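1. What follows is a predicted structure for the sequence shown.
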Amino acid sequence: MRIHICCVGRLRSGPERALIDDYLTRFDRTGRALGLGPAQIHEVEDKKGGGMSAEAALLERALPKGAVICAMDERGTVMTSPEFADKLATWRDAGRSDLAFVIGGADGIDPALRAQADFSLSFGKMVWPHMLARAMLTEQLYRAASILAGSPYHRV
Ligand SMILES: C[S@@+](CC[C@H](N)C(=O)[O-])C[C@H]1O[C@@H](n2cnc3c(N)ncnc32)[C@H](O)[C@@H]1O
């Protein structure tokens, strides 16, 4: 199952980018034998200042047809890392070939796009900057693959 992280804003090279790239590489390496990955980031940028709805139109264009859509949203479902790993495995085992996570910009995800999501995932009730949400998501993907692979990265 291919993973797509569709997000607003371009991340230039620097420590955040290096961290995200590192987790994506680790996820791809660990997930390969599990039928998970590769994971790819799709960055969209609305240069005309059209706000949430313009961003939503660009994000929608980045979503692969037929993908499971998971909106990243502080109002969504809070999960443990093993529960998140099980959720990924369930989508994979259902034969879904693409899973797309959507991360909003400064104003969040347009409600119309949020309504299209199959699932909403929360990293807690606090609101995180979108670049941090991106880093946290890539880490959780790697952690989930490690859990499914039975590797000792995840310890409680
Ligand atoms: C700065 S936040 C936008 C907050 C915006 N005020 C809203 O109401 O959605 C940017 C994006 O990061 C992601 N995000 C921020 N905090 C999150 C959380 N606790 N759980 C999941 N995603 C989060 C969401 O995708 C959000 O659209």
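-> That came in fine, so what should we check first? Residues are numbered from 1 along each chain as shown.
2. for the chain, what spans make up the helices?
-> In the chain, the segments counted as helices under DSSP state H are 15-31, 51-62, 81-93, 111-116, 130-149.
3. now check the third one, is it near the ligand?
-> Right, helix 81-93. No - judged by CB under 6 Å from any ligand atom, helix 81-93 makes no contact with the ligand; its nearest approach is 11.9 Å. Bear in mind the C-beta positions are built from the backbone N, C-alpha and C, glycine included.
4. now do the second one
-> No - in this structure, helix 51-62 remains apart from the ligand according to CB under 6 Å from any ligand atom; the gap is never smaller than 8.9 Å.
5. other SSEs contacting that helix?
-> Packed against helix 51-62 by the contact rule (3 or more CB pairs under 8 Å, 6 or more residues apart in numbering; DSSP states H and E) you find strand 2-8, strand 39-44, helix 111-116.
6. ditto for the third one
-> Using 3+ CB pairs under 8 Å, 6+ apart as the contact criterion, the neighbours of helix 81-93 among helices and strands are helix 130-149.
7. residues making contact with the helix it packs on?
-> Contact with helix 130-149 is made by 3, 5, 7-9, 11, 16, 19-20, 23-24, 26-27, 30-31, 33-34, 36-37, 39, 41, 72, 81-82, 84-85, 88-89, 101, 103-106, 123, 128, 152-154, as judged by CB atoms under 8 Å, 6 or more residues apart in numbering.
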